[in-house]
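**Student:** I would like the atomic coordinates for the input below:
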Amino acid sequence: MNRKALSLLLVSLLLAQVSFAATYPLNITPGRSWPLNLVVDSARGVVYFDATSGEYPPTGFSFGIINATTHEVIRILPLDVYPGAMVLDEESGDVYVAGETSIAVFDEGNLSFGHELELGRPILSMALDSSVSPDLYVTSNDSVLALSPRTGAVLGSVTLSNSVDGIQLDPSNGKLFVGAYAGKGITVLNASNLATMGTIELPGCCAFQFALDERTQSLYTATGISNYVYVVNAATDVFEKSVEVTQFGQNSTNILAADETMGRIFVSSTNGESVAEIDGSNGHVSRLLNAPSVVAALAVDTETQELYVANYHQVTVFDARGSGTVLLVAVVAVAVVAVGAVGVYLLIRRRDERERRVVERAAPGPTT
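**Tutor:** Sure thing, here's the model as predicted:
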């Protein structure tokens, strides 16, 4: 039996275990936890999240697994790193969780954290090539690094002029798109050697976070400072259009998730509970979904067209195929603390401020 078949068998056995999840919907008492990131393994029918306790400073970190069929939280594991960006190796099913300066590797075959990759420098975002010879890409300060996902060895690096932030891999064209925290452009790198292939100019600042629809080769970027989503042709590296999410008012576009099967994009607002659905065919906002609390992460299950939203002390699942109704709310317990909505706001703002301070410290000073 090959590794992938064995992995699927182990996951199916895990999904069959008795769950500690309660009946839905739930009346949730504030102060459970703060899930920060999500990834969906549609092929294996599981959703992963990382979370911190709902207080600041946090008292503990965790990594959880949700059954994508029953929507039950089926396992919670302790996490040794501050919950950061997550990427899925679609081939092996392993999950990489970025901490502040290291990456914890969840071994899907053993359902445990097998090892940790120590980088020794701040990690802002990640992308993973799940090909036969995989590479793990990270942004750190003003650099992009290619790492061995097995050993963490640095295979290559490039320093860019602006402090980098988001990163998006386009495996079909072998490109990396890198956004700058300060600046109006997107840097395009050759994924095989990190050579610069060009820059895509945007009408405004900034390329904060990305989502790619590989089927249409549409690259979407949120700005983090305005209510626009920019759309770029990933095949030709040409800016195509701006989508203004007027429904966000003064709030900015923040987190993105692409649903390639339906040709649409989901984007959340900063400091808010709104998620806009954008029709990829015309760039129009087709509807708004209202989450129970501030949105920290989005992920789409391409098998079920369900949208997973990380909120304070819970993960909310929307039926995104039709009405957009809330299917359920899954409680994610890390540590029970007495923190309300103000605490949520402070936690996410402090997380953002921590990342921005990392970038600002690395940025060159003014010239004279």
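
**Student:** where are the low-confidence patches of the protein?
**Tutor:** Applying pLDDT under 70 to the chain flags residues 1-32, 54-56, 182, 322-368.

**Student:** try 50 this time
**Tutor:** Across the chain, the ranges flagged by pLDDT under 50 are 1-31, 331, 333-351, 353-368.

**Student:** let me see the ranges of the helices in it.
**Tutor:** 3-15, 341-362 (DSSP state H).

**Student:** for burial, what's the neighbour tally of Leu169?
**Tutor:** 22 (other CB atoms under 10 Å). From N, CA and C alone the C-beta is placed, and that goes for glycine too.

**Student:** quick one: contacts for it?
**Tutor:** 127-129, 137, 175-177, 191, 212 (CB atoms under 8 Å, 6 or more residues apart in numbering).

**Student:** gap between it and Val188?
**Tutor:** Distance of Leu169 to Val188, given as CB to CB, to the nearest Å: 12 Å.

**Student:** mutual contacts of these two, please.
**Tutor:** 175-177.

**Student:** a markdown table for the residues you listed, including neighbour count and distance to Ser112?
**Tutor:** Shown next, in a markdown table, are the shared contacts of Leu169 and Val188 (neighbours: other CB atoms under 10 Å; distance: CB to CB, whole Å):
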| residue | neighbour count | distance to Ser112 |
| --- | --- | --- |
| Lys175 | 22 | 34 |
| Leu176 | 24 | 30 |
| Phe177 | 23 | 33 |
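
**Student:** let's have those in a markdown table, adding distance to Tyr308.
**Tutor:** Formatted as a markdown table, the shared contacts of Leu169 and Val188 follow (distance: CB to CB, whole Å):
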| residue | distance to Tyr308 |
| --- | --- |
| Lys175 | 27 |
| Leu176 | 25 |
| Phe177 | 24 |
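
**Student:** going by distance to Gly198, which of the residues you listed wins?
**Tutor:** Ranked by distance to Gly198 (CB to CB), these are led by Lys175 at 9.8 Å.

**Student:** who is the closest one paired with across the strands?
**Tutor:** Judged by DSSP bridges, the bridge partners of Lys175 are Asp170, Asn190.

**Student:** then Ile200?
**Tutor:** Under the criterion used (DSSP bridges), Ile200 bridges to Ile186.

**Student:** can you check Leu38 too?
**Tutor:** Under DSSP bridges, the beta-bridge partners of Leu38 are Phe49.

**Student:** is it true that it touches Ala299?
**Tutor:** Yes: contact criterion CB atoms under 8 Å: Leu38 and Ala299 qualify, at 4.0 Å.

**Student:** spit out the residues that contact those two alike.
**Tutor:** 47, 308.

**Student:** which stretches of the stretch 101-250 of the chain form strands?
**Tutor:** Per DSSP state E, counting those that start in this stretch, the stretch 101-250 of the chain carries strands over the ranges 102-107, 112-118, 125-129, 135-140, 143-147, 154-159, 164-170, 175-180, 185-190, 196-201, 209-213, 218-222, 228-233, 238-244.

**Student:** rewinding a little: tell me which of the shared contacts of Leu169 and Val188 is nearest to Leu288?
**Tutor:** Of the shared contacts of Leu169 and Val188, the one sitting nearest to Leu288 (CB to CB) turns out to be Phe177, at 27.1 Å.

**Student:** so what's the closest one up against?
**Tutor:** By CB under 8 Å, 6+ apart, the contact list for Phe177 reads 167-170, 186-189, 200, 207, 210, 212, 219, 232, 234.

**Student:** 6 Å instead, please
**Tutor:** By CB atoms under 6 Å, 6 or more residues apart in numbering, the contact set of Phe177 is 168, 186.

**Student:** try the one 3 residues further on
**Tutor:** Going by CB under 6 Å, 6+ apart, Ala180 touches 162, 164.

**Student:** switch to 10 Å and redo it
**Tutor:** Contacts were defined as CB atoms under 10 Å, 6 or more residues apart in numbering; by that measure Ala180 touches 139, 142, 160-166, 186-187, 199, 205-208, 359.

**Student:** now, of those, which are buried?
**Tutor:** Listed as buried from the contacts of Ala180 are 139, 142, 160, 162-166, 186-187, 199, 205-208, 359; burial here means 16 or more other CB atoms under 10 Å.

**Student:** which members of the residues you listed are the farthest-apart pair?
**Tutor:** Thr199 and Val359 (18.8 Å).

**Student:** which residues sit in contact with the nearest residue to Arg321 once chain neighbours are set aside?
**Tutor:** Leaving aside its chain neighbours, Arg321 sits nearest to Gln305 (4.4 Å; criterion: CB to CB, 6 or more residues apart in numbering). Neighbouring residues of Gln305 by CB under 10 Å, 6+ apart: 259, 261-262, 264, 318-322.

**Student:** so Leu38 makes contact with Ala68?
**Tutor:** No: using CB atoms under 10 Å, Leu38 makes no contact with Ala68, being 11.5 Å away.

**Student:** identify the contacts common to those two.
**Tutor:** With CB under 10 Å, 6+ apart as the test, Leu38 and Ala68 both reach 47, 308.
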